[in-house]
Each structure stands twice: as structure tokens, then as C-alpha cells.
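Sequence first, then the predicted structure, then my questions.
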Amino acid sequence: MIYRISFRTALVTAAAVLATPFAISAQGAVSQASDTVRLAIGDAVTRALRESDESRLASAQVEIADAQVTSARATGLPQMRLAGNYSQVLRNARAEIVGSIFGQNFNYSSNINISQTLFQGGRVWAGARAASDVRGSARLNVAETHAQLSVDVQRAYLSALLQRELEAIQARNLELADQRIALVEQLQGAGRASRYEVLRARVERANLEPALLQARAGRELADIELRRLLNIPGARPIALTSEIDTAALRGVVRAVAHDSEPDPVRASERAALLTVNARREGIRVARADLMPTISTFFQTGYTALPSNNGFPTIWGNTSNANCPPGSPATRVCQNNGWFPDRSFGVQVQWPLFDGLRAKGNIDLAQAQERVARLQLAQEREAVAVERARARAEFTRAEAAFEAQRQNVAEADEAFRIASLRFERGLATQLEVSDAQLLLLTARTNAARATIDYYLAAAELARARGVDIPLPPTRPTTR
């Protein structure tokens, strides 16, 4: 009677442990270091969008495009340059040949040059529009990168939760196997079990150990992938603080999958279209090389030609009073000061023959535009395929989710019946072990099906180009 009560207690305990409602949760350590990174799934997504290498690379591409826009627009704006010059002539051949009037050994000059391009064959406007399209494409690529990164981070987070749950399931299953070995050995001692049943129980227990080790390795690999996406150092422990609320999951998923609104144009499609527009503007830029360039300039400044190497500090003037004593009255001399120097002009440049450089640039721009058009067509095809594949995967995941929920209930009932039959002597240990294994498999499949169900909906939302919802969660209770 003592053995019967102990065995019944063990079976009830096994059924209670395995029949606990499934919840994908994170197992934290009893005592964690102060530098442990505690992450809810929403915090993980936010951190990835802010700190991940993928996100920062996409943002850097936008910064490059912004700089290109500034550079393109700069060619159409006025240019202003300040220049200063000092030179000293050591020996002047012209002064020796012609006369001392050319013998100004010291030369100071300072001027401001203002120039403005009036016409460049449309190069400025086409270049600015092309740069603006490139910037728009880069920004849309950031949105596409963020959408993909959001799905990837949630997949990594939920995978880490799943691996923790599978490890816990395998650990509980191993504990039940230990209890069964002890009970069978007690039954053997009472003459109610054979040596064969004891050996079978031990072999079953030994066969469960590799599954537990594999689950632990899977958890470590899942944590490594999550750390990689979030740029968390490998030495810092992480604690996952969210678990999926399976009761509210179906409502969130169906809101995404069964939305009657038409699918919007994906960011990747719009980015490819803007790239085509930029390439088209590139053709106009290349054709501008065949057109004349007209520009105007205005230069103003001051020049000083002192007779000694002292820096001029006065405004210049010319008169006979500045000449040496005894000079003729008709002689005019300067006072070594600063004299104004101003000029204005219009420049016209028209390349008549450049060795076919312009033709080569035009051909290259046209080829790049054709490539961009083909890439746009490929992107549209890829988006259509992604949407069809995502819908098919969601249909499969939804059916698996519903089937596994029913399968867990049936496996749980089968385990209870097998336990009761064994207690009354109507079943063998093999039947109870098979029922326990089936329940374990059902629990594992249900865990995977729940993860797949949500991720299929998230991938469908990304493929459609709509907002990706976070899964309904609650704080972990373990």
C-alpha cells in the first residue's frame, strides 16, 4: 500500500508539471549580477533600432545622401573666395631691360572674388534633383531596414525564450525519469516489477540527457544571436522579462493577417523607383556636357607695391609730392599704400570636342538608368513573391497553432489515463512512458507553433508594408 501511494503521488506530480499551461518565458538566475541587462521584447526592439550596426549603417547612408544634396546644390549658388598674396622679386629682368618702373620688388595683394554660374545646360538642377532622389531612397531604405530588423530582433528574442522553455521541459522530463527509476526499483524490491523494467527505466533516463544538453546549447546560441543584434558584450548576462500572452495572441495576429485594407507600396519599391528617377536625372547631367557654360564674376581687392619690405599701413595715392627731392614736376610717384583693384566679367565656355568624353558619360548614364529600371521590376516581383510566401506561411502556422493546442489537450488526457491504468495494474510501464513522451513532444511542438504563429504574422506585416505589432506579453512569472 505504501508503494501504491508513492507511485500515485509521483504520477500526479508528473501530470501537474507537464500539464501546466504553456507560457514562453525567460528563466532568470536566483541572484544576478548588477550589470545584468534586463530586456522586455519592446525594449529589445527599441535598442536594436537605436544601437545595432544595421540601423546605424542605414542612417550613415542617409547622412551621405544629405551631403550629396548639399554638394549638388552648391554648384548653383554664388561662390565667394578671399585670397591674399605676398611676393618678393629677387631680380627683375624686365626692370633691368625696360626701366625701373617695373622694379617693384615687394608685392602685397588681397581680394575677394564672387562668381555665379548663369547657365550650365541644366546640370545644376538635374544634379540637385538626382541627389534629392538618392536621399529619399536612402531614407526609405532605413524604413525597410528597421522593419526587417524589428522582425529579426523579435525572432531572436522569442527564439531565446523558446530555448529556455525547451530546456525547462527537458529538465522536468529528466526529473520525472529519475522519480520513475526510484519507484520501479521500489516495486522491484516488493516483487511487483522485473529487472527488465528497471533496466528499461534507466535506459530511458539516459536517453533523455542528450536532449537536455542540446537544449542548453540551443539556449546559449540563441543568446549569442540576440546579443549580436543588440550589440551587448558577450560577458554581460541578459535576463528576458517578457513572456507571450497566448490568450491575447490570436486577436493581435488576426488583426494583422485579416486586414481588409489594400497592401500599401513597400518602402523598398518606392526606394527603387526613386533610384530610377535619380538615374534619369543623371542622363540630363551627362547631356549638359554638350551645352555651353555661362558664368559671371566680380573681383574686388587692394594691391600694394612698397619700395621696401615693410607691411603697408596706409591707403595709396599718387602725386609729385611722393617723389624724391629734385624730381621733375611732371613725375608722379606712389606712397607705398594700398590701391583698389576691381574687375568684372562674363565667361562663356563651350566644349567643341572633348575626345568623346561626353558621349561616354551619356552612354554610361543611360545604361545605369536601364539597370535601375530592371532592378525596380525585380524588386516589385520580389515583393509580390514575399507577400504570397508570407501569406502561405501564415496559413500553415495558424493551422499548426490550432492543431497543437488541441493536440496538447489530448496528449494530457492520454497521459492521465495511462497513469491511472498503470496504477490499477491494467497497463505497463511502457504505456506510461510512451504517453509521457507524447505529452512532452506535444508541449514542445506547441511551444514552437506559438512562436511560429506570431513570427509568421510579423513577417506578413513586414511583407505587406504595414506596421509590425509587438506580441502581447506579460511580465515573466519565473
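Yes, it's here. Residues are numbered from 1 along each chain as shown.

for the stretch 301-450 of the chain, what are the low-confidence residue spans?
For the stretch 301-450 of the chain, applying pLDDT under 70 flags the ranges 423-425, 429.

That should have said the stretch 151-300 of the chain, apologies.
Scanning the stretch 151-300 of the chain for pLDDT under 70 picks out nothing.

can you pull out the helices in it?
Taking DSSP state H, counting those that start in this stretch, the helices of the stretch 151-300 of the chain run over residues 195-230, 246-257, 267-287.

Please work out which of those is packed deepest.
Neighbour counts (mean count of other CB atoms under 10 Å) averaged over each of the helices of the stretch 151-300 of the chain peak at helix 267-287, with a mean of 21. Where C-beta positions appear, they are placed from N, C-alpha and C, glycine not excepted.

chain center to that one: distance?
Its chain's average C-alpha position is 23 Å from that of helix 267-287, according to CA atoms, centre = their mean, to the nearest Å.

Just the C-alpha atoms of that helix, please, in PDB.
The C-alpha trace of helix 267-287 is given here as PDB (Å, rounded to 0.1, in the frame of the first residue of the first chain):
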ATOM      1  CA  ALA A 267       9.400  51.200 -48.900                       C
ATOM      2  CA  SER A 268      11.800  49.100 -50.900                       C
ATOM      3  CA  GLU A 269       9.600  49.600 -54.000                       C
ATOM      4  CA  ARG A 270       9.500  53.400 -53.500                       C
ATOM      5  CA  ALA A 271      13.300  53.400 -52.900                       C
ATOM      6  CA  ALA A 272      13.900  51.600 -56.200                       C
ATOM      7  CA  LEU A 273      11.600  54.000 -58.000                       C
ATOM      8  CA  LEU A 274      13.500  57.000 -56.600                       C
ATOM      9  CA  THR A 275      16.700  55.400 -57.800                       C
ATOM     10  CA  VAL A 276      15.300  55.200 -61.300                       C
ATOM     11  CA  ASN A 277      14.400  58.900 -61.100                       C
ATOM     12  CA  ALA A 278      17.900  59.700 -59.900                       C
ATOM     13  CA  ARG A 279      19.400  57.800 -62.800                       C
ATOM     14  CA  ARG A 280      17.100  59.600 -65.200                       C
ATOM     15  CA  GLU A 281      18.400  62.900 -63.900                       C
ATOM     16  CA  GLY A 282      21.900  61.600 -64.300                       C
ATOM     17  CA  ILE A 283      21.300  61.400 -68.000                       C
ATOM     18  CA  ARG A 284      20.400  65.100 -68.000                       C
ATOM     19  CA  VAL A 285      23.600  65.800 -66.100                       C
ATOM     20  CA  ALA A 286      25.600  63.900 -68.700                       C
ATOM     21  CA  ARG A 287      24.000  65.700 -71.600                       C
END
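
Ala65: which of the helices of the stretch 151-300 of the chain is closest?
Nearest to Ala65, of all the helices of the stretch 151-300 of the chain, is helix 267-287, at 9.9 Å by CB to CB.

which ones are touching the nearest residue to Glu185 once chain neighbours are set aside?
Nearest residue to Glu185, sequence neighbours excluded (CB to CB, 6 or more residues apart in numbering): Val198, at 5.8 Å. Contact analysis of Val198 by CB atoms under 8 Å, 6 or more residues apart in numbering lists 181, 184-185, 188.

so where do the strands sit in the chain?
Counting by DSSP state E, the chain has strands at residues 37-39, 79-88, 106-119, 238-240, 242-244, 293-304, 318-319, 333-334, 339-349, 473-475.

most tightly surrounded among these?
strand 242-244 (a mean of 23).

okay if I get the strands of the chain as CSV plus distance to Ala160?
Conversion of the strands of the chain to CSV gives the following (distance: least, CB to CB, whole Å):
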stretch, distance to Ala160
strand 37-39, 9
strand 79-88, 57
strand 106-119, 59
strand 238-240, 6
strand 242-244, 11
strand 293-304, 61
strand 318-319, 87
strand 333-334, 85
strand 339-349, 65
strand 473-475, 14
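
Out of those, which is closest to Ala409?
strand 242-244 (18.6 Å).

Can you name every helix or strand that the closest one contacts?
helix 123-189, strand 473-475 (3 or more CB pairs under 8 Å, 6 or more residues apart in numbering; DSSP states H and E).

Could you single out the most deeply buried of these?
helix 123-189 (a mean of 20).

So Arg200 versus Gln349, what's the distance?
To Gln349, Arg200 is 96 Å away according to CB to CB, to the nearest Å.

do the same with Leu187
For Leu187, the distance to Gln349 - CB to CB - is 104 Å.

just Leu39 next, same as before
62 Å.

can you tell me which of the strands of the chain comes nearest to Phe415?
It's strand 242-244; of these, that one is closest to Phe415 (CB to CB) at 24.1 Å.

The closest one pairs with which strands, parallel or anti?
Strand 242-244 pairs in its sheet with strand 473-475 (antiparallel), by DSSP bridges.

So which bits of stretch 436-455 are buried?
436, 438-440, 442-455 (16 or more other CB atoms under 10 Å).

of all the helices of the stretch 151-300 of the chain, which lies closest to Thr293?
Shortest distance between Thr293 and the helices of the stretch 151-300 of the chain, using CB to CB, is found for helix 267-287: 13.1 Å.

list the helices and strands that closest one packs on?
If you count contacts as 3+ CB pairs under 8 Å, 6+ apart, helix 267-287 packs onto helix 123-189, helix 357-423.

Any chance of a markdown table for the ones you listed, columns distance to Pro471?
As requested, the helices and strands packed on helix 267-287 are arranged in a markdown table below (distance: least, CB to CB, whole Å):
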| stretch | distance to Pro471 |
| --- | --- |
| helix 123-189 | 7 |
| helix 357-423 | 13 |
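
Nearest to Glu54, out of these?
Taking CB to CB, helix 123-189 is the member of the helices and strands packed on helix 267-287 nearest to Glu54, at 5.5 Å.

Check which helices and strands the closest one is in contact with.
Applying 3+ CB pairs under 8 Å, 6+ apart, one finds that helix 123-189 makes contact with helix 2-18, helix 41-51, helix 53-74, helix 195-230, strand 238-240, strand 242-244, helix 267-287, helix 429-464.

same thing but 6 Å
helix 2-18, helix 41-51, helix 53-74, helix 195-230, helix 267-287, helix 429-464 (3 or more CB pairs under 6 Å, 6 or more residues apart in numbering; DSSP states H and E).
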